[in-house]
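Asks: here you go, sequence then predicted model.
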Amino acid sequence: MSPIETGGQLNLLRSPLANDSPAPAAWRLRILLFALWLALVAWLISGHVFWRDEVRAFSLALSGSNVLDMLRNVHGEGHPALWYLILRVGHDLFPMRQVLPVAGALIGIAAMALLAFRSPFRIGVVALILFSFFGAFEYLVVSRNYGIAALVMFAIAALYRRIRNSLWLGLLIALLCNTNVPSCILAAGFLLFRFVEMLGERSTLNRREWLVFCGNAALALAGALLCFVTVFPTVNDQAVSSNLADIGIGKMVAGLLDTEAGFSHFGFGIWFSHLGRGFWSPLDLMLLLASLLGLVRRPAAIIAAIAALIALKLLFYLIYPSYYRHEALFIVYLIALYWMVARGAGGRWRRDGKWLDHLQLAGTCVFIALLALQSVRLVKPVQQQIAGTPYSRSSEVTQLLQKPELRGAIIMADPDTMLEPFPFYGDNPLWFLRQQGFGQVVRLSRSDRRFLTLDEVVSDAQRLHRQTGRPIVFLDHHGLQAATPDHYVTMFKDETIIDPASVTRFRSSMRLVASLRPAGTDEEYEVYAYPR
């Protein structure tokens with residue numbers, strides 16, 4: 001028997017990650033830690049200004065006269081229906097806009113409560129996860145569907161020993177498939193974990209256990225198919241990766257070797273961002289790979305982790321570009337795997353040696369360092385809230401529109417997506433310059449007006465004012481006060497053409513109302529009004 005194992009389980013007293021069942025004093029410490037975390041989260045939520053992706057989901061969830069109409073509207077949007085259903089049902093029960101932050105917060109709090117009070121991790125590790133960027137902000141303060149994935153993965157980890165031989169495992173995996181697209185891959189990873197674990201135990205398994213696994217696989221497949229038919233074909237064809245065309249073996253190898261597309265937003269670059277992601281992304285990927293070694297003694301865990309990492313890497317390179325919120329899902333998945341392994345799951349190699357002990361210890365230490373980096377990242381939103389820098393400037397625009405000369409104004413912006421937060425804060429009409437129409441949600445289609453000039457912005461403002469008599473407000477994201485002549489890529493493949501003559505004509509027609517910069521996101525801009 002390995003020197004760091006006892007009774008088939010990890011010797012938690014020797015592990016830097018986990019410990020034995022908490023003593024009463026440790027429970028009191030966990031309660032205190034959770035209360036401090038909850039106070040921080042409440043403070044962050046109190047100052048949070050919603051940005052476009054949060055309100056976009058809320059607008060879609062409330063669209064249509066009934067749930068079926070809403071489901072038709074979200075088809076092809078790029079996300080499964082679960083989050084929209086939660087928001088729709090919540091708003092039907094409590095018809096107020098606060099459903100959005102409350103739903104996101106309750107889901108995130110439930111996930112972190114499971115971690116704080118049911119996980120086997122040492123108190124220091126629990127603190128790193130609670131006070132991480134994803135644990136205290138990205139999956140909780142920012143109200144989106146990614147927090148649901150964290151809750152489901154932690155539920156699988158907490159209940160795994162009880163449900164691995166029941167259909168509850170398949171139901172949870174199917175639910176995970178319908179939280180977001182990357183989580184479909186992680187759901188398959190959990191199923192693979194159970195399959196490899198069963199292969200190692202095949203001499204003791206009975207027919208019923210194999211039938212249960214087949215049932216769970218069928219449930220997982222049904223969940224994945226439900227996600228697929230909701231997401232594809234996408235209506236946001238401009239938002240897909242430029243590598244999607246001509247997928248082949250060469251492209252797949254290139255995707256695995258590429259160090260920037262996927263898993264380059266969570267590591268060392270948070271300290272030295274001025275050097276660019278290209279400088280740090282290879283080190284970030286090495287950090288992630290090394291953190292897998294902490295699972296090396298459990299074949300089911302290491303195989304499931306490697307398979308999920310490869311699949312996600314290809315997804316982020318070939319299909320959808322990734323950001324921190326997508327990449328952190330894999331960190332949550334690793335937390336769940338470490339959790340399950342610490343509880344004795346994952347099987348054992350038939351032959352091993354002390355060298356595996358050293359690899360496991362090294363990998364576990366690297367994983368803890370990876371978690372520490374996520375806690376460092378939390379400093380930024382805390383500093384921004386202390387400094388009074390909002391996550392988005394959309395709420396301040398709504399306050400400006402209360403001025404008598406701007407009341408009832410039609411709002412335009414470049415890019416159009418900057419307009420999507422405003423249905424949460426007011427009811428001003430939104431004019432999408434590239435789609436040439438009113439709406440609340442932008443369809444990122446290649447068929448829209450790809451190239452936009454400032455003269456066209458002024459022309460639309462003049463026409464809308466002439467037709468409606470309303471004032472027109474334009475949100476300039478580019479900073480025309482200091483812009484140099486160029487073609488600016490505004491969002492995905494859309495471009496805005498700026499030259500000195502058009503800037504002069506623009507300023508002669510539009511009046512600068514306010515400069516609202518900086519912001520925690522890219523939703524910062526100068527506010528112009530027409531007529532001058």
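Replies: Ah, there it is. Just so we're clear, the structure is a prediction, and the values are computed from it rather than from any experiment. Numbering: from 1, shown residues only.

Asks: got the contact list for the residue sitting nearest the centre point of the chain?
Replies: Nearest to the centroid of the C-alpha atoms of the chain, with distances taken as C-alpha atoms, centre = their mean, sits residue 325, at 2.8 Å. Applying C-beta atoms under 8 Å, 6 or more residues apart in numbering, we find residue 325 in contact with 134, 138-139, 142, 144, 146. Glycine gets a C-beta too; all of them are placed from N, C-alpha and C.

Asks: list the contacts of residue 227.
Replies: For residue 227, the contact set (C-beta under 8 Å, 6+ apart) comprises 80, 177-178, 181, 184.

Asks: now the residue nearest to the centre of the chain: how far from residue 137?
Replies: Computed as C-beta to C-beta, to the nearest Å, the residue 325 to residue 137 distance reads 10 Å.

Asks: cool, residue 357 as well?
Replies: For residue 357, the distance to residue 137 under the criterion C-beta to C-beta works out to 36 Å.

Asks: now do the strands in the protein.
Replies: 5-6, 9-10, 410-414, 431-432, 437-438, 451-453, 472-476, 486-491, 494-498, 511-516, 525-530 (DSSP state E).

Asks: now that we have the contacts of residue 325, which of them are buried?
Replies: Buried residues within those, defined by neighbour count using 16 or more other C-beta atoms under 10 Å: 134, 138-139, 142, 144, 146.

Asks: I'd like to know which of the residues you listed are part of helices.
Replies: Under the assignment DSSP state H, the buried ones among the contacts of residue 325 contribute residue 146 to helices.

Asks: low-confidence ranges, this structure, go.
Replies: Scanning the chain with the threshold set as pLDDT under 70 gives 1-15, 19-25, 238-239, 269-280, 446-447, 481-489, 491.

Asks: got the domain boundaries for it?
Replies: As recorded under automatic domain parsing, the domains making up the chain are 11-386, 394-530.

Asks: and the end-to-end length of the last one?
Replies: Spelled out, it's domain 394-530. Using C-alpha to C-alpha, to the nearest Å, the gap from the first to the last residue of domain 394-530 comes to 19 Å.

Asks: how far off centre is that domain?
Replies: From the chain centre to the centre of domain 394-530 is a distance of 27 Å (C-alpha atoms, centre = their mean, to the nearest Å).

Asks: just to revisit the earlier point, now for the buried ones among the contacts of residue 325: which two are most distant?
Replies: By the measure C-beta to C-beta, 134 and 144 form the most distant pair in these, at 11.4 Å.

Asks: picking that back up, let's see which of the contacts of residue 227 end up in helices.
Replies: Among the contacts of residue 227, the members falling in helices (DSSP H) are 177, 181, 184.

Asks: buried ones among those?
Replies: Among those, the ones that count as buried by 16+ other C-beta under 10 Å are 177, 181, 184.

Asks: spit out the contact partners of the second one.
Replies: By C-beta under 8 Å, 6+ apart, the contact list for residue 181 reads 78-80, 227, 231, 315, 320.

Asks: go with 10 Å
Replies: With contacts defined as C-beta atoms under 10 Å, 6 or more residues apart in numbering, the neighbours of residue 181 are 78-80, 145, 227-228, 230-232, 315, 319-320, 326.

Asks: quick check: the gap between residue 315 and residue 263.
Replies: For residue 315, the distance to residue 263 (C-beta to C-beta) stands at 11 Å.

Asks: so for those two, which sits in the more crowded spot?
Replies: Set side by side, residue 315 and residue 263 give different neighbour counts by other C-beta atoms under 10 Å, the larger being at residue 263 (23 against 19).

Asks: quick one, phi/psi of that one?
Replies: Per-residue torsions, residue 263: phi 60, psi 50 (degrees, to the nearest 10).

Asks: show me the contacts for residue 93.
Replies: For residue 93, the contacting residues are residue 99, by C-beta under 10 Å, 6+ apart.

Asks: how close does it sit to residue 148?
Replies: Computed as C-beta to C-beta, the residue 93 to residue 148 distance reads 18 Å.

Asks: one more: residue 55?
Replies: Shown here: residue 55 relative to residue 148, a distance of 18 Å by C-beta to C-beta.

Asks: equivalent analysis for residue 44, please.
Replies: Relative to residue 148, and taking C-beta to C-beta, residue 44 is found at 19 Å.

Asks: and these two? which has more neighbours close in?
Replies: Neighbour totals were compared for residue 44 and residue 148, and residue 148 leads with 26 against 20 (other C-beta under 10 Å).

Asks: I'd guessed the more buried one sits against residue 178; true?
Replies: Yes. When contacts are counted by C-beta atoms under 10 Å, residue 148 is listed as touching residue 178 (8.8 Å).

Asks: comparing residue 357 and residue 137, which residue is more hemmed in?
Replies: Applying other C-beta under 10 Å to residue 357 and residue 137 shows that residue 137 carries more neighbours, namely 24 against 17.

Asks: for residue 330, which non-adjacent residue is closest in space?
Replies: Ranked by C-beta to C-beta, 6 or more residues apart in numbering and with sequence neighbours excluded, the top spatial neighbour of residue 330 is residue 312, at 5.9 Å.

Asks: ignore what I typed, I meant residue 435.
Replies: On the basis of C-beta to C-beta, 6+ apart, the spatially nearest residue to residue 435 that is not a chain neighbour turns out to be residue 448, at 5.3 Å.

Asks: give me every residue that touches the one you found.
Replies: Neighbouring residues of residue 448 by C-beta under 10 Å, 6+ apart: 238, 416, 432-437, 442, 494.

Asks: likewise for residue 516?
Replies: Contacts of residue 516 were listed using C-beta under 10 Å, 6+ apart, and they are 390, 392-397, 400, 475, 523-527.

Asks: hang on, isn't residue 428 packed against residue 421?
Replies: No. Residue 428 lies out of contact with residue 421 (C-beta under 10 Å); the separation is 11.7 Å.

Asks: those two: who's more crowded?
Replies: Residue environment comparison for residue 428 versus residue 421 gives the larger neighbour count to residue 421, 27 against 20, counting by other C-beta under 10 Å.

Asks: roughly how far does that one sit from residue 395?
Replies: Distance check for residue 421 against residue 395: by C-beta to C-beta, it reads 8 Å.

Asks: just residue 81 next, same as before
Replies: 29 Å.

Asks: more neighbours, these two?
Replies: For residue 81 versus residue 395, the count of surrounding residues by other C-beta under 10 Å is larger for residue 81: 22 against 18.
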